[in-house]
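Q: dropping the sequence and predicted coords here.
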Amino acid sequence: MDIKALSTKSFATFDLNRVPSPCFVVDEVAVERNLRILHDVADRSGANVLMALKAFSFYAIAPLVQKYLSGTCASGIYEARLAREKFGGEVTTYSAGFKAADLPEIIQLSDHLIFNSPAQARRFAPLIEAARAAGETISIGLRINPEHSEGWNEKYDPTAPCSRLGTPISQMTDADWEGVEGLHMHTLCEQGFEPLARTWAALEPKIADLLPRLKWINLGGGHHITQPDYDRDGLIALLSDIRSRHNVEIFIEPGEACALHSGILVGEILDVAENHMPLAITDISATCHMPDVLEAPYRPDLLGEVDSDHKHRLGGPSCLAGDVIGDYAFPTPPKPGDRFAFLDQSHYSMVKTNTFNGVPLPAIALWNSDTDALTLLREPKYSDFLDRLS
């Protein structure tokens, strides 16, 4: 199933003038399509699939997540609250550094609590003991660095030299695992099955003595399971093998895979100009609405782009000189008032938006490509900007 082709075909029929601009439009049919694939992986492997809220905390689709997945994983107290209040199911919380003041509530909200280092686990042991004495049943895990890199970009590689994420497995001692029931690793970013298989093959011999003590293993996120070329049969076989041979519960935490090719960001041309090449100013800002365009960096796909050497450079309304999205060819030269849309904008773009320069946040709409039902869930307000800093 080519989810990109299906999504592009669906959005090509969507009238971009039906929503305010800018606006994220999420197709619940596409989200459900992804979740069904993930549910099949869980069903056939016996693993638990959690949705990573850091990539897609859009709780309007919580009923679908509840239907198909075991739960969600959170990165701190706010996401843990959202997970428990809106999504339910299993809640796993990991942070590179927890605050003591937050932990009592996080423990109440979470089923699994994953520490970044043994030192943190020891430091907060009294809080854990107090919570258990009060009736909480929290299970503790540690994030490790398997010291095997499959990263394609050092910025997004948790196993890169000097990484702060997880404790290098070579530094771990038996004493570090006292009171710990689970092992967590997250080493991938937008990758297929083969890097996971190689990582596990490198790690397993290093933890042979530890495996009989573990109750669960969490293989983290970064798995592009819903992409058509992903080796899902290979993943299912590996998860099943780890689970059966080592008698442990298995978790994976896809984020992007839940939302891939499920949403667009609708924008409008505000002005056109010329400076060594055609320019178009839009109400979509890379720095405010699509920060990964600058941070990763990457070039988002334009809905309906044509193959032509006559391109316009699209940029946002902010004062940042580098607020440039990319160079694109339109079927006809864009003019003020024209609508356009960038594809595949549900994951990460939505959660990373900001109001730098007073640029309004995009509206948010939920669409059903089967029924054509459209619900405008959120429109930008001055208070979004006003309430942030005082």
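A: Received it, and whenever you're ready, just let me know what you need. Numbering: from 1, shown residues only.
Q: could you look up the SS state of the residue nearest the centre of the chain?
A: By CA atoms, centre = their mean, the chain has its centre lying nearest to Ala55, at 2.1 Å. Of the three states, Ala55 takes coil according to DSSP: H, G, I helix; E, B strand; the rest coil.
Q: correct me, but it touches Ala259?
A: Yes: with contact defined as CB atoms under 8 Å, Ala55 reaches Ala259; the gap is 6.7 Å. All C-beta spots, glycine's among them, are computed from the backbone N, C-alpha and C.
Q: quick check: neighbours shared by these two?
A: Common contact partners of Ala55 and Ala259 (CB atoms under 8 Å, 6 or more residues apart in numbering): His347.
Q: helices of the stretch 51-200 of the chain, start to end?
A: Counting by DSSP state H, counting those that start in this stretch, one finds helices in the stretch 51-200 of the chain at the ranges 62-68, 77-82, 103-109, 118-123, 125-133, 193-203.
Q: what residues of the lengthiest helix in the chain count as buried?
A: When the chain is scanned for its longest helix (criterion: DSSP state H), the result is helix 28-45. Across helix 28-45, burial judged by 16 or more other CB atoms under 10 Å covers 28-35, 37-39, 41-42, 45.
Q: and for stretch 216-231?
A: Buried, per 16+ other CB under 10 Å, within stretch 216-231: 216-227, 230.
Q: identify the farthest-apart pair in those residues.
A: Within the buried residues of stretch 216-231, Trp216 and Gln227 form the most distant pair, 26.4 Å apart (CB to CB).
Q: ok, now which ones touch Tyr59?
A: For Tyr59, the contacting residues are 82, 86-87, by CB under 8 Å, 6+ apart.
Q: what residues are up against Tyr328?
A: Contacts of Tyr328 by CB under 8 Å, 6+ apart are 302, 305, 311-312, 314.
Q: for those residues, pick the one with the most neighbours.
A: Counting neighbours by other CB atoms under 10 Å, the top entry in those is Leu314, with 25 neighbours.
Q: backbone torsions only: list them for that residue.
A: phi -90, psi 130 (degrees, to the nearest 10).
Q: please name the residues that touch the residue nearest to it when sequence neighbours are not counted.
A: Computed as CB to CB, 6 or more residues apart in numbering, the closest residue to Leu314 that is not its neighbour in sequence is Ile325, at 4.5 Å. Contacts for Ile325 (CB under 8 Å, 6+ apart) come out as 282, 284, 286, 290, 293, 299-300, 314-316, 342.
Q: then Glu150?
A: 157, 159, 187-188, 191, 195-196, 198-199.
Q: can you check Thr353 too?
A: By CB under 8 Å, 6+ apart, Thr353 lies in contact with 288-289, 291, 361-362.
Q: which single one of those is nearest to Ile242?
A: Nearest member of those to Ile242, counting by CB to CB, is Pro291, at 35.5 Å.
Q: what about that closest one, how many residues nearby?
A: Going by other CB under 10 Å, the residues that sit close to Pro291 add up to 18.
Q: go on, Ile169?
A: Under the criterion other CB under 10 Å, the count of neighbours that Ile169 has is 18.
Q: so it makes contact with Ile207?
A: Yes: with contacts counted by CB under 8 Å, Ile169 reaches Ile207, the gap being 6.9 Å.
Q: on that earlier part again, how about the contacts of Tyr328 in a markdown table, adding pLDDT?
A: A markdown table is the format used below for the contacts of Tyr328 (pLDDT from 0 to 100):
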| residue | pLDDT |
| --- | --- |
| Leu302 | 98 |
| Glu305 | 97 |
| Lys311 | 97 |
| His312 | 98 |
| Leu314 | 98 |
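Q: got any ranges where this protein has weak pLDDT?
A: By pLDDT under 70, the chain contains no weakly predicted segment.
Q: got the buried residues for stretch 81-99?
A: Buried residues in stretch 81-99 (16+ other CB under 10 Å): 82-84, 86-87, 89-95, 98.
Q: specify which member of those residues is nearest to Asp174.
A: Closest to Asp174, out of all of the buried residues of stretch 81-99 and judged by CB to CB, is Tyr94, at 22.5 Å.
Q: which strand residues bridge the residue nearest to the closest one when sequence neighbours are not counted?
A: Of all residues not flanking Tyr94 in the chain, Ile114 sits nearest, at 3.8 Å (CB to CB, 6+ apart). Note on Ile114: beta-bridge partners by DSSP bridges are Tyr94, Gly141.
Q: so the residue lying closest to Lys311 once chain neighbours are set aside versus Leu16, what's the distance?
A: Nearest residue to Lys311 in three dimensions, chain neighbours excluded: Asp327, at 4.2 Å (CB to CB, 6+ apart). From Asp327 across to Leu16, the span is 21 Å (CB to CB, to the nearest Å).
Q: and these two? Which one has more around it.
A: Counted by other CB under 10 Å, Asp327 and Leu16 do not tie: Leu16 has more neighbours, with 19 against 13.
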